[in-house]
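Student: Predicted model and sequence follow; I will ask about them next.
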Amino acid sequence: MKLAVVPARGGSKRIPRKNIREFCGKPIIAWSIAAAKNAGIFDKVIVSTDDEEIASIARYYGAETPFIRPKDLADDFTGTNEVVKQAIQWFREQGELVEMACCIYATAPFVQPIYLTEGYNKLITSSKSFAFSVTTFPFPIQRALRINQEESVEAICPENINVRSQDLEEAYHDAGQFYWGTADAFIDGVVIYSSESIPIILPRYLVQDIDTLEDWKRAELMFQALVERREVAG
């Protein structure tokens with residue numbers, strides 16, 4: 001079985017009720033559920049939550065909520081890998097063998113079915129454990145600056161300040177959208193940020209981390225622009 005797991009606990013602090021806050025006309029989690037279902041590659045799309053309201057909204061938008069997540073996996077320190085592991089083990093206890101799983105963040109409205117499918121296809125044709133979304137930094141990280149205790153600016157890597165951007169190695173970061181993995185890799189705790197993973201490269205205009213209200217507003221503006229562009233193109 002190929003399982004999509006959308007983690008969505010109820011205790012978000014920086015943006016209260018973040019996982020079901022309205023985003024461009026729908027609870028933000030609805031966009032992740034829709035992308036998973038529209039990909040057409042999952043046998044089940046579930047939401048793992050400790051919150052009954054989130055569970056109800058998830059079901060309304062087409063996801064399953066076969067269990068309520070244990071409280072010890074719903075605090076600020078629980079990693080998403082542990083959440084996916086618990087879901088895989090739950091299904092195995094019910095006699096359903098999960099072979100592949102994909103963690104899709106609830107606050108990833110830009111996630112696209114085409115990239116979910118690409119991640120799956122690349123993973124099953126490789127010998128790796130994971131495939132996850134990445135994107136490029138918009139500015140060379142080798143020319144990053146810091147503000148010191150004297151409130152002056154200094155280069156973190158002074159030797160690179162005068163190097164042309166095109167001569168510096170391009171750097172990538174986790175796009176924070178989805179993480180495909182074999183069930184065994186999740187169960188065994190294989191490290192994702194390692195040679196065991198394949199990158200699925202996304203364009204920067206489809207990536208926006210949402211941790212603050214400012215992030216939220218920026219993401220809505222980006223999303224609206226994408227929708228308008230598609231309407232014009234269509």
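Tutor: Looks like it arrived, so ask away.

Student: Need the three-state assignment for the residue nearest the centre of the chain.
Tutor: By CA atoms, centre = their mean, the chain has its centre lying nearest to Gln177, at 2.2 Å. Assigned with DSSP: H, G, I helix; E, B strand; the rest coil, Gln177 falls in the strand class.

Student: So it is in contact with Val207, correct?
Tutor: Yes. Using CB atoms under 8 Å, Gln177 is in contact with Val207, at 7.4 Å. All C-beta spots, glycine's among them, are computed from the backbone N, C-alpha and C.

Student: which residues do those two both contact?
Tutor: Residues touching both Gln177 and Val207 by CB atoms under 8 Å, 6 or more residues apart in numbering: 110, 133.

Student: Next secondary structure element downstream of whatever helix or strand Tyr115 lives in?
Tutor: Counting by DSSP states H and E, the element that carries Tyr115 is helix 113-124. The first helix or strand that comes after helix 113-124 along the chain, using DSSP H and E, is strand 130-136.

Student: Quick check: which helices or strands does that following strand pack against?
Tutor: Judged by 3 or more CB pairs under 8 Å, 6 or more residues apart in numbering; DSSP states H and E, strand 130-136 is in contact with helix 113-124, strand 172-182, strand 197-201.

Student: got a list of contacts for the second one?
Tutor: It refers to strand 172-182. 80-81, 84, 99-105, 108, 110-111, 115-116, 119-120, 123, 129-137, 190, 192-193, 199-202, 206-207, 209.

Student: Would you give the sheet partners of it, along with the direction of each?
Tutor: Strand pairing for strand 172-182, determined by DSSP bridges: strand 100-104 (antiparallel), strand 130-136 (antiparallel).

Student: average pLDDT for the first one?
Tutor: This means strand 100-104. Mean per-residue pLDDT for strand 100-104: 98.

Student: what's the spacing between stretch 135-148 and its chain's center?
Tutor: Mean C-alpha position of stretch 135-148 versus that of the full chain (CA atoms, centre = their mean, to the nearest Å) differs by 22 Å.
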